[in-house]
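# Sharing a sequence plus its predicted fold:
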Amino acid sequence: MSESWIAKPTGYFDNEIERFMHGLIRRNEGEVVFHQAVREFAESVIPFLSEHQLYRDQYILERMTEPDRIIIFRVTWEDDQGHLRANRAWRVQFNNSIGPYKGGLRFHPSVDQSILKFLGFEQVFKNSLTGLPMGGAKGGSNFNPKGKSDREVMRFCHSLMIELHRHIGPDRDIPAGDIGVGAREISYLFGQYKRLENRWHGALTGKGLSYGGSLVRKEATGYGAVYFVQNMLEHAGIDLAGKKASVSGSGNVALYAIEKLLDLGATVHTASDSGGTIYDRDGIDRDKLAWLIDLKEKRRGRISEYAEQFGAEYRAGENPWSVPCDIALPCATQNELDLNDAKELVKNGLLAISEGANMPTSAEAMHYFLEKDVLFGPAKAANAGGVAVSGLEQSQNSLRISWSREELEGRLQGIMKEIHDKCIVHGQRPGRSVDYKTGANVAGFIKVADAMCGYGAV
Ligand SMILES: NC(=O)C1=CN([C@@H]2O[C@H](COP(=O)(O)OP(=O)(O)OC[C@H]3O[C@@H](n4cnc5c(N)ncnc54)[C@H](OP(=O)(O)O)[C@@H]3O)[C@@H](O)[C@H]2O)C=CC1
Ligand SMILES: O=C(O)CCC(=O)C(=O)O
């Protein structure tokens with residue numbers, strides 16, 4: 001690393017966090033959500049570094065906030081009318097210190113480099129918290145799968161893999177799903193990977209059960225986020241059963257978070273999509289959930305149809321946070337819950353929040369929750385169940401075996417409990433609620449930092 005790259009900024013800074021962020025922003029101009037993710041991390045880790053000179057001497061934080069590499073490429077594909085179309089795609093391979101790169105692919109028109117850098121950065125520490133040997137990466141494209149036919153999605157996925165296959169593999173980088181990338185897309189991607197490489201190995205996770213996928217992977221992120229909130233509540237002496245929950249989103253994470261909340265005796269009153277929110281005062285029961293899963297996974301319909309089907313209230317263009325609840329699970333997208341939402345939730349008696357989505361809570365809202373002693377389960381910890389079961393899918397592929405549902409659910413539950421307990425080690429606030437944000441950041445940091453220190457100048 002050259003001296004100029006880490007040149008000390010001149011001028012006055014209130015504190016070391018501002019000094020660090022000044023340099024980061026200068027090096028990553030305009031990448032606002034990446035700045036947000038790094039700042040949230042730096043606020044926890046820089047105070048810890050002040051007592052750990054070794055990490056400071058090795059410029060660990062500066063090195064960790066620079067991705068190992070970013071691959072950018074064009075994806076040309078043919079639509080159903082025979083016209084050629086092109087999209088941009090990326091793979092941000094952020095850090096492979098503790099294992100091969102691992103993290104999802106997102107297909108959404110909003111995708112850009114800043115979003116994928118924030119997601120890749122978070123993935124490094126999330127994966128570290130799972131205790132499994134996985135580095136961090138993220139990728140995706142500004143391709144919008146909504147409104148596209150199956151064959152268009154297939155042609156896009158096959159074309160994307162023509163470039164991506166050179167950069168991935170079971171010991172190098174293992175992509176999975178994220179927003180807009182579910183079972184259908186992973187099948188197309190894996191089929192093309194297999195054809196191009198002429199070998200079968202677990203280079204993607206989230207695969208179908210008939211070709212190397214793992215039981216419980218589909219459910220794992222949502223289930224894990226609920227286990228995490230259950231652990232936080234138990235630690236505070238509170239029972240989850242009987243509590244009212246609000247969930248946002250109605251995709252992979254949200255649907256299975258709702259399922260596990262019902263299993264554990266909570267009631268769930270909301271779900272949403274980018275069009276609006278449904279508020280079901282009677283609660284989403286198992287039959288309604290089965291209908292909703294079919295709507296979203298098979299028919300690819302809108303959440304407003306739930307309101308029509310079951311006579312629930314539909315709030316067009318609104319999110320769920322004005323509905324009174326004890327626990328909140330934002331499971332849609334980044335920055336979907338802002339300071340006003342946080343104030344409303346706290347006013348209505350919120351006890352705990354578990355981030356099913358990545359960085360769904362704005363920085364101001366997160367600080368407000370921590371100030372008000374709301375139990376705040378940060379994404380890195382709370383939604384790590386998905387990538388954890390992806391790690392278990394890789395193990396099963398390597399061993400050429402398939403574990404049972406009971407085995408995998410047990411392992412998932414155990415991993416979420418271990419993550420919870422790791423957060424407590426560095427998140428204690430005497431006389432106050434646990435600061436899970438600091439706990440997760442510091443615990444995730446230490447493992448990666450120790451590996452980087454061991455490697456020397458890499
Ligand atoms: N899948 C996984 O295993 C993991 C996912 N995550 C995170 O969880 C979140 C959800 O992912 P997942 O469930 O897989 O994705 P899906 O594509 O399955 O579902 C996303 C849901 O969020 C809604 N949504 C997306 N963008 C917006 C927006 N801008 N405003 C309002 N609603 C929006 C979608 O509505 P609509 O259909 O109308 O767009 C949909 O209901 C993401 O933050 C992802 O990074 C984290 C860990 C693992
Ligand atoms: O399962 C995986 O590899 C990735 C999941 C993911 O993208 C995430 O945790 O945000």
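In hand now; what should we look at? Residues are numbered from 1 along each chain as shown. Ligands and ions are numbered 1, 2, ... in the order given.
# Would you mind measuring the gap between the ends of stretch 188-207?
End-to-end distance of stretch 188-207 (Cα to Cα, to the nearest Å): 10 Å.
# swap in stretch 264-273?
Stretch 264-273 stretches 24 Å from its first residue to its last (Cα to Cα).
# tell me the mean pLDDT over it?
The average of the pLDDT scores along stretch 264-273 is 98.
# and what of stretch 306-325?
With pLDDT averaged residue by residue, stretch 306-325 scores 98.
# If you count neighbours, what's buried in that stretch?
Neighbour counts using 16 or more other Cβ atoms under 10 Å place Tyr306, Ala307, Phe310, Ala312, Tyr314, Arg315, Asn319, Pro320, Trp321, Ser322, Val323, Cys325 of stretch 306-325 among the buried residues. Using the backbone N, CA and C atoms, a C-beta is placed for each residue, glycine as well.
# which parts of the protein sit against ligand 1?
When proximity is defined by Cβ under 6 Å from any ligand atom, the chain lies next to ligand 1 at 177-180, 182, 221, 249-254, 273-275, 331-333, 336, 356-358, 383, 386.
# run the last query once more with 5 Å
Taking Cβ under 5 Å from any ligand atom as the measure of proximity, the chain contacts ligand 1 at 178-179, 221, 249-253, 273-274, 332-333, 357-358, 383, 386.
# from these, which is closest to Leu295?
Within the residues of the chain next to ligand 1, distances to Leu295 taken as Cβ to Cβ reach their minimum at Ser250, with 8.1 Å.
# beta partners for the residue nearest to the closest one when sequence neighbours are not counted?
In space, and not counting its chain neighbours, Ser250 is closest to Ala271: 4.6 Å by Cβ to Cβ, 6 or more residues apart in numbering. When bridges are called by DSSP bridges, Ala271 pairs up with Ile278.
# Look up how far ligand 2 lies from Gly410.
Applying Cβ to the nearest ligand atom, to the nearest Å, the value for Gly410 to ligand 2 is 19 Å.
# dump the residue contacts of the residue nearest to Ser250.
Shown here is Ala271, whose contacts under the criterion Cβ atoms under 8 Å, 6 or more residues apart in numbering are 247-250, 254, 258, 277-278, 284, 292, 303, 306, 320.
# Give me the subset of the residues you listed lying in helices.
The helices in this structure, assigned by DSSP state H, contain Ala254, Ile258, Leu292, Tyr306 from these.
# which one of those residues sits closest to Arg405?
If you rank the ones in helices among the contacts of Ala271 by distance to Arg405 using Cβ to Cβ, Ile258 comes first, at 18.8 Å.
# quick one: contacts for the residue nearest to that closest one when sequence neighbours are not counted?
Among residues not flanking Ile258 along the chain, Val268 sits closest, at 5.0 Å (Cβ to Cβ, 6+ apart). When contacts are counted by Cβ under 8 Å, 6+ apart, Val268 is found next to Ala245, Ser246, Val247, Ile258, Leu261, Leu262, Gly283, Ile284.
# Counting neighbours, which of those residues end up buried?
Here, 16+ other Cβ under 10 Å leaves Ala245, Ser246, Val247, Ile258, Leu261, Leu262, Ile284 buried among the contacts of Val268.
# Got the confidence number for Ala457?
At Ala457, the predicted lDDT confidence score is 86.
# In this protein, where's the longest helix?
helix 405-427.
# Name the residues of that one that are buried.
408-409, 411-413, 415-416, 419-420, 422-424, 426-427.
# what packs against that helix?
Contacts of helix 405-427 with other secondary structure elements, assessed using 3 or more Cβ pairs under 8 Å, 6 or more residues apart in numbering; DSSP states H and E, are made with helix 217-235, helix 379-382, helix 384-399, helix 436-455.
# so Leu292 sits right up against Tyr306, yeah?
Yes. Taking Cβ atoms under 8 Å as the contact criterion, Leu292 and Tyr306 are neighbours in contact, 5.8 Å apart.
# Pull the contacting residues for whichever residue of the chain sits closest to ligand 1.
In the chain, the residue that lies nearest ligand 1 is Gly251 (1.8 Å; Cβ to the nearest ligand atom). Residues counted as contacts of Gly251 (Cβ under 8 Å, 6+ apart) are Ile179, Gly182, Asp273, Lys296, Cys331, Ala332.
# 7 Å - rerun?
Lys296 (Cβ atoms under 7 Å, 6 or more residues apart in numbering).
# Then the one 3 residues further on?
Residues counted as contacts of Ala254 (Cβ under 7 Å, 6+ apart) are Gly222, Val247, Ser248, Ala271, Cys331, Gly356.
# what's the answer for Leu240, then?
By Cβ under 7 Å, 6+ apart, the contact set of Leu240 is Val229, Gln230, Leu233, Leu264, Gly265, Ala266.
# Show the buried residues in those.
Buried residues within these, defined by neighbour count using 16+ other Cβ under 10 Å: Val229, Gln230, Leu233, Leu264, Ala266.
# how about the strands in the stretch 201-350 of the chain?
With strands called from DSSP state E, counting those that start in this stretch, the stretch 201-350 of the chain shows them at 244-247, 267-268, 270-273, 276-279, 313-316, 327-329.
# Do I have it right that Ser159 meets Glu78?
No. Between Ser159 and Glu78 no contact is recorded; they are 8.6 Å apart, counting by Cβ atoms under 7 Å.
# between the two, which one's more packed in?
Remark: of Ser159 and Glu78, Ser159 carries more neighbours, 21 against 14, as counted by other Cβ atoms under 10 Å.
# in which helix or strand would I find the more buried one?
In this assignment (DSSP states H and E), Ser159 forms part of helix 150-164.
# Sort out which residues of that helix are buried, please.
Going by neighbour count (16+ other Cβ under 10 Å), the buried part of helix 150-164 is Glu152, Val153, Met154, Arg155, Phe156, Cys157, His158, Ser159, Leu160, Met161, Leu164.
# got a markdown table for those, with pLDDT too?
Compiled in a markdown table, these are given as follows (pLDDT from 0 to 100):
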| residue | pLDDT |
| --- | --- |
| Glu152 | 98 |
| Val153 | 98 |
| Met154 | 98 |
| Arg155 | 98 |
| Phe156 | 98 |
| Cys157 | 98 |
| His158 | 98 |
| Ser159 | 98 |
| Leu160 | 98 |
| Met161 | 98 |
| Leu164 | 98 |
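# so which of the residues you listed comes closest to Gln93?
Closest approach between those and Gln93, by Cβ to Cβ: Leu164, at 11.5 Å.
# And the next helix or strand past the one helix or strand Arg91 maps to?
If you go by DSSP H and E, Arg91 is part of strand 84-95. Per DSSP H and E, the first helix or strand lying C-terminal to strand 84-95 is strand 101-107.
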